[in-house]
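Enquirer: structure for this input, please:
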Amino acid sequence: MYGDPALPQDFVSLPYADPDAPKGGAIVLGNTGGFDSLNPFVRKGTSPWQLPHFTHESLMGRSWDEPFALYGLLAESIEVPEDRSWVAFTLRPEARFADGTPVTVEDVIFSYELLGTEGHPRYHGLYAQIDLIEQTGPRSLRMTFNTQNRELALLAGMRPILSKAQWEDRDFANAPLAEIPMGSGPYTVTDYQAGRQVTLTRNPDYWGKDVPFRRGTHNIDQIKLDFYGDANVLFEAFKAGEISAIREFNAETWTTQYDFPGVQRGDVVKSTFEHQKPSGMTGFVMNARRAPFDDIRVREALIAAFNFEYINDTLTGGTQPRITSYFSNSPLAMTQGEAQDRVAELLAPFADDLPPGTLEGYALPASDGSARNRTGIRKAMQALEDAGFTASDGVMRDAEGAPLQFSILLSKGSTENMAIAALYIEALKRLGITATVDAVDDAQFVARNNTFDFDMAIFRRALSLSPGNEQRYYWGSEAASRPGSRNLMGVKSPAIDALIDTMVAARTTEDFIAATRALDRVLTAGRYVIPFWQFTQDRIAHIKEMKYPANVPLYGDGPNYMPEVWWIAPEG
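Expert: Sure, this is the predicted structure:
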């Protein structure tokens, strides 16, 4: 996107992969909930989140050691003009699907059209900005865009490629569980039990094993995904040796609960990894499409009533810092205090419509750490009074006398989120607010998120050091009313739309950073989410046989780190 890629044309492998890593072995990973689909590319159903990372490939791939750079995967070469009005790809002649058939230009064009029309809504935005996809040679094609957007040339290389022979004249969007999409990736689904288990087996004839982008990756022969009812059951299975590795997001649990016999014997190893990625946003999101969450004063009150310091101390030992904005813990984060320089210039045209605190500075409320949170409760009470609510007979009521009450949508498998909600609900009682937990299974949780059928819900939005067009899908005005989008809060803001436009059109790093910091200000000051704590360190407990390279990518752990570049130590 800016300047040149970090790796030379003759690079041997990605910097965080070991090109000499041994192949072989098997591991078991655990998921909570279940699944009713093995097609991760459509809106219908719930599929294992790991699938697209292992079974399918795109024309280009990301290095998780540098933002805004892609390298050839299915494509052996890429061409773009100076204005990036189009992009051309030439396919590698050796590229093959799992059944051995070649990946052709026809497959690529078919995939973009199928995903752009019948696939999950996250694929529709790019397709709408492509004016023409045409074959230009036996292995080459060109995409011409109808929008001036410098990032489109990169996004065009990131869509999964499907087999035309498999899906032509079939109902892709409603395919049954047994009709598993076939990709060109290193693994194939070789076995499954509906809702309980999926087995991924490394393809011994995988076409790309010698491509530099793939050297030292996908080293484990078999990856089995087992599904458990909740996180507690999953953890017990790990302690019993039924699971090979587990990610731990709670620092207090990491310190106090990982002393079981397997750790003491040395059969289980605790590994930590530093990263430099943004915090993203984790917390309770408020649905601004419906009252009373459409009133920023109510949202402010509910944030003030959330006693973060006390909840953090109770559940994590106070060891994890709070998320302070959407891009906190990174150079893209908004600065404290009044907006300055280029950030202020970008916000100025929207000054009359910006949330309070955007220009002058906004920070989350902090308590003294006691259970009472008197300061937070007073602030919440004042904000509710400003919004027309009054407390009568211990009940908070609006101007018409209706009590203030709502539900918090959670997935049944999330015990930590249940504990957070329980503490929060007790605090809300002091304000005369009645909140309840609506715990549903994973399929219902996804379905209700897709239709925005909730008052407040648990929310996690991971963000990268290279934000771009996906931000429209996260917070763009058009996405707010589009079922299946990830704009769960329902924000519609001309300022946000304009700042995303500026981000993706930026020609310099300086302009890009300023636009992102300005966006961070508008989102944070909009008070749409009650933030929890951030994860500044990745924690993985794993069997001692699982090994990893010396170098850790800039982004730390993720599906493209464990298990992608890990391996099983050979016996003896």
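Enquirer: surely G157 meets E79?
Expert: No. If you go by CB atoms under 8 Å, G157 and E79 don't touch, sitting 11.7 Å apart. Where C-beta positions appear, they are placed from N, C-alpha and C, glycine not excepted.
Enquirer: name the SS class of M418, please.
Expert: Judged by DSSP: H, G, I helix; E, B strand; the rest coil, the three-state class of M418 is helix.
Enquirer: start to end distance for stretch 26-40?
Expert: 23 Å (CA to CA, to the nearest Å).
Enquirer: tell me the buried residues in it?
Expert: 27-35, 37-40 (16 or more other CB atoms under 10 Å).
Enquirer: secondary structure for those - can I get that in CSV?
Expert: Output for these, formatted as CSV (three-state DSSP):
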residue, secondary structure
I27, strand
V28, strand
L29, strand
G30, strand
N31, strand
T32, strand
G33, coil
G34, coil
F35, coil
S37, coil
L38, coil
N39, coil
P40, coil
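Enquirer: so for stretch 113-129, what's the average pLDDT?
Expert: For stretch 113-129, mean pLDDT is 94.
Enquirer: for it, measure first residue to last.
Expert: 12 Å.
Enquirer: same check, this time on stretch 122-140
Expert: The first-to-last residue distance of stretch 122-140 comes to 25 Å (CA to CA).
Enquirer: state the distance from D221 to R92.
Expert: 24 Å (CB to CB, to the nearest Å).
Enquirer: so these two - more neighbours on which side?
Expert: Between D221 and R92, R92 has the larger neighbour count (other CB atoms under 10 Å), namely 19 against 16.
Enquirer: that one contacts L74, correct?
Expert: Yes. Using CB under 8 Å, R92 is in contact with L74, at 6.3 Å.
Enquirer: now do the strands in the stretch 251-400 of the chain.
Expert: Along the stretch 251-400 of the chain, counting by DSSP state E, counting those that start in this stretch, strands occupy 268-274, 281-286, 390-392, 395-397.
Enquirer: so which of the ones you listed is nearest T147?
Expert: strand 281-286 (27.1 Å; CB to CB).
Enquirer: which residues sit against that closest one?
Expert: Contact with strand 281-286 is made by 293, 299, 302, 306, 323, 326, 408, 421, 424, 455-461, 463, 488-489, 528-534, as judged by CB atoms under 8 Å, 6 or more residues apart in numbering.
Enquirer: I'd like to know which of those are buried.
Expert: Buried among those (16+ other CB under 10 Å): 293, 299, 302, 306, 323, 326, 408, 421, 424, 455-459, 463, 488-489, 528-534.
Enquirer: which residue is the nearest non-sequential neighbour of V504?
Expert: E151 (4.7 Å; CB to CB, 6 or more residues apart in numbering).
Enquirer: the nearest residue to N449 once chain neighbours are set aside and L354, how far apart?
Expert: Excluding the flanking residues, the one nearest N449 by CB to CB, 6+ apart is L488, at 6.4 Å. Applying CB to CB, the value for L488 to L354 is 21 Å.
Enquirer: buried sites along the worst-scoring helix or strand of the chain on mean pLDDT?
Expert: Ranking every helix and strand in the chain by mean pLDDT, DSSP states H and E puts helix 251-256 at the bottom, with a mean of 88. Going by neighbour count (16+ other CB under 10 Å), the buried part of helix 251-256 is A251, E252, T253, W254.
Enquirer: what's the answer for stretch 9-23, then?
Expert: Those would be S13, L14, P15, Y16, A17, D18, A21, for stretch 9-23 by 16+ other CB under 10 Å.
Enquirer: possible to save these as JSON lines with distance to E338?
Expert: JSON lines is the format used below for the buried residues of stretch 9-23 (distance: CB to CB, whole Å):
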{"residue": "S13", "distance to E338": "46"}
{"residue": "L14", "distance to E338": "41"}
{"residue": "P15", "distance to E338": "39"}
{"residue": "Y16", "distance to E338": "39"}
{"residue": "A17", "distance to E338": "44"}
{"residue": "D18", "distance to E338": "48"}
{"residue": "A21", "distance to E338": "50"}
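Enquirer: show me where the stretch 1-150 of the chain has helices.
Expert: Taking DSSP state H, counting those that start in this stretch to define them, one finds helices in the stretch 1-150 of the chain at 51-55, 105-118, 124-128.
Enquirer: give me every residue that touches the nearest residue to T375 once chain neighbours are set aside.
Expert: Distances taken as CB to CB, 6+ apart put S367 closest to T375, at 6.3 Å, once the chain neighbours are dropped. Applying CB under 8 Å, 6+ apart, we find S367 in contact with N307, F308, E309, Y310, N373, T375, G376.
Enquirer: same thing but at 10 Å, please
Expert: When contacts are counted by CB atoms under 10 Å, 6 or more residues apart in numbering, S367 touches A304, F306, N307, F308, E309, Y310, I311, N373, R374, T375, G376, I377.
Enquirer: also Y71?
Expert: 5, 7, 9, 11, 14, 60-63, 78, 157, 211-213.
Enquirer: out of these, flag the one nearest to D393.
Expert: Distances from D393 to the contacts of Y71, taken by CB to CB, are shortest for R62, at 57.2 Å.
Enquirer: next, count neighbours for the nearest residue to that closest one once chain neighbours are set aside.
Expert: Closest residue in space to R62, ignoring its immediate chain neighbours: L70 at 6.0 Å, by CB to CB, 6+ apart. The number of residues packed near L70 is 24, by other CB under 10 Å.
Enquirer: wait, L70 sits on S58?
Expert: Yes. When contacts are counted by CB atoms under 10 Å, L70 is listed as touching S58 (9.0 Å).
Enquirer: got the helices of the stretch 1-150 of the chain as CSV, with mean neighbour count and distance to Q444 columns?
Expert: Output for the helices of the stretch 1-150 of the chain, formatted as CSV (neighbours: other CB atoms under 10 Å; distance: least, CB to CB, whole Å):
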stretch, mean neighbour count, distance to Q444
helix 51-55, 21, 21
helix 105-118, 19, 24
helix 124-128, 17, 24
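Enquirer: identify whichever of these lies nearest to V233.
Expert: helix 51-55 (22.2 Å).
Enquirer: show residues contacting the closest one.
Expert: 35, 37-41, 48, 58, 98, 160, 180-189, 198, 200, 202-203, 218, 223, 225, 558-560, 563-564.
Enquirer: contacting residues for K412?
Expert: T32, G33, G229, D230, M418, A439, V440, D441, D442, Q444, F445.
Enquirer: nearest to I513, of those residues?
Expert: Of those, the one sitting nearest to I513 (CB to CB) turns out to be F445, at 35.0 Å.
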